[in-house]
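# structure of the sequence below:
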Amino acid sequence: MPTAPSSSAELTAGERARLLRRGLRLEYATLGWNVVEIGFLALAAATARSVALAGFALDSGIEIFASLVVVSQLRVTATPDQHRRAVRLIGVAFLALAAYIVGQAAVTLAAGIHPDPSPLGDHRRLRRPRRTRPPAGAPLSSP
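Numbering: from 1, shown residues only. Alright, predicted model coming up:
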């Protein structure tokens, strides 16, 4: 297996172009996955009225934003200032997500709201029904 070059100066133009195409393909696949994921999560969060699922959907939205930033960074040669700004924007988006989750969790706890079951996440459908025992002192069989 070939070893990775220690710096970008050691890459040939062909290797750099190949790696760039590969990176863009991976980012586009990530974008596609997250777009599909956010659709399912938004539906599940609305159906179940779940803060956790809504937070997960927002996280997918942030991942889409981060992937778009990475694609823009790969398509043009970014200066160090542009790179720092992009990383800062992604960090601010995650801080906003954390603030949303904390705020929604506090409101949910204070109001005593409980999530409803969702067809996409109803774990009760996965369990086998329990066998019931007769009450203590009841005859074991009918005559």
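# ok, then the element right after the lowest-mean-pLDDT helix or strand in the chain?
One helix or strand of the chain scores below all others by mean pLDDT, DSSP states H and E: helix 51-75, with a mean of 85. Once the chain leaves helix 51-75, the next helix or strand it forms, by DSSP states H and E, is helix 80-111.
# summarise which helices and strands that next one is packed against.
If you count contacts as 3 or more CB pairs under 8 Å, 6 or more residues apart in numbering; DSSP states H and E, helix 80-111 packs onto helix 51-75. (Each C-beta comes from the backbone N, C-alpha and C, glycine too.)
# next up, the contacts around Ser72.
Contacts for Ser72 (CB atoms under 8 Å, 6 or more residues apart in numbering) come out as 78, 86.
# how much space between it and Gly103?
Separation of Ser72 from Gly103 (CB to CB, to the nearest Å): 30 Å.
# please apply the same query to Gly91.
For Gly91, the distance to Gly103 (CB to CB) stands at 19 Å.
# that'll do, ta.
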